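**Student:** Generate a structure from the sequence data that follows.
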Amino acid sequence: MGKVSYRISNGQNILQTRAGKGNTKVHEKSLKCNDEFSLASNRARMIRDVLNPVIRGYYDGPMINRFTCAVAEVIRSNDALPVGYRDIQDGRLSLLKGFEFNQHSLFSDSFRVEIQTEVTPEGVKLTMPAFVPLEKMAFPFDASHCTMKVLVSALDLSAQRFIYCCAKEILIPASRKPIPAVEWDLNENFPAQGLMLVAVSLNYSERYLGEMVSLNRPKLNPCQLLTVFNAVGNGEIVGGENGNEFFGEWFKVVGLVKGVG
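**Tutor:** Numbers count the residues shown, from 1 in each chain. You can find the predicted model right below:
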């Protein structure tokens, strides 16, 4: 029967593809696909480690698998490069925009104010219109305030190192007092090259005995990726560049991504 063998096992008729030279290409392709998903898992873990200050270990159970699949989709989105020769920075990074790290408390449901980010040669410009907190935000019943934090990070994939470029935050009371419009230039420590990550989170708090106490927990930690992009050394911000040689001198005195090998 050619490449198919026939056998009986436990009273059942079984057709089985024979191992051999005829299946080598299929086997190699399968191995490359497995290697690419392993790469996606590695890249997703690196990004999660970098964003730990905003994720804080508070995420829904399936998040790790969801994020790995999202990163794998980015890698696969580059059909110009064959399997085994492409990485996350070669794909459509916009597919990660808006990724939610906690399905129990979605940032998009908790903060209904449009945040716009504009990538410039100098960094990232973030703008947000004026709003009334109790009309545009979801506060837990015992929260008196909320701190919105934006974190800009740069990741060197090949050296497995990162740097926190800058962070901005704004304290928002649970009130009907309008919050003025925000315009931030997130340009501090902006590197010439790298995988740039801009994430936002909400930290709820209440005043207890004169001090602010955090209310965030595993099911209450709105956190989202606002945007992801490649920065390149010629001053332009473009996507789909080969990023295997990042940063150079930038990462001599920075943090090493833990848990990545």
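**Student:** in the protein, which helix or strand is least confident?
**Tutor:** strand 255-256 (a mean of 42; mean pLDDT, DSSP states H and E).
**Student:** what about the strands in the stretch 51-200 of the chain?
**Tutor:** With DSSP state E, counting those that start in this stretch as the criterion, the stretch 51-200 of the chain has strands at 116-120, 123-128, 145-156, 161-173, 182-186, 194-208.
**Student:** same for the next helix-or-strand element following the longest one, what does it pack against?
**Tutor:** From strand 194-208 onward toward the C-terminus, using DSSP states H and E, the following helix or strand is strand 211-214. Packing contacts for strand 211-214, counted by 3 or more CB pairs under 8 Å, 6 or more residues apart in numbering; DSSP states H and E, involve strand 194-208. In short, each C-beta sits where N, CA and C put it, glycine included.
**Student:** The strand it packs on relative to strand 161-173, how many degrees between them?
**Tutor:** If you take axes from the mean of the first three to the mean of the last three CA atoms, to 10 degrees, strand 194-208 sits at 30 degrees to strand 161-173.
**Student:** In space, what's closest to Met137 - neighbours in sequence excluded?
**Tutor:** Closest residue in space to Met137, ignoring its immediate chain neighbours: Phe111 at 5.7 Å, by CB to CB, 6 or more residues apart in numbering.
**Student:** The one you found and Ile170: what is the separation?
**Tutor:** Distance of Phe111 to Ile170, computed by CB to CB, to the nearest Å: 11 Å.
**Student:** May I have the distance across stretch 83-101, first residue to last?
**Tutor:** Distance between the two ends of stretch 83-101: 28 Å, counting by CA to CA, to the nearest Å.
**Student:** now that stretch: how far from the chain's centre is it?
**Tutor:** Between the centre of stretch 83-101 and the centre of its chain there are 9 Å (CA atoms, centre = their mean, to the nearest Å).
**Student:** dump the residue contacts of the residue nearest to Met137.
**Tutor:** By CB atoms under 8 Å, 6 or more residues apart in numbering, Phe111 lies in contact with Lys136, Met137, Ala138, Met148, Leu202, Pro222.
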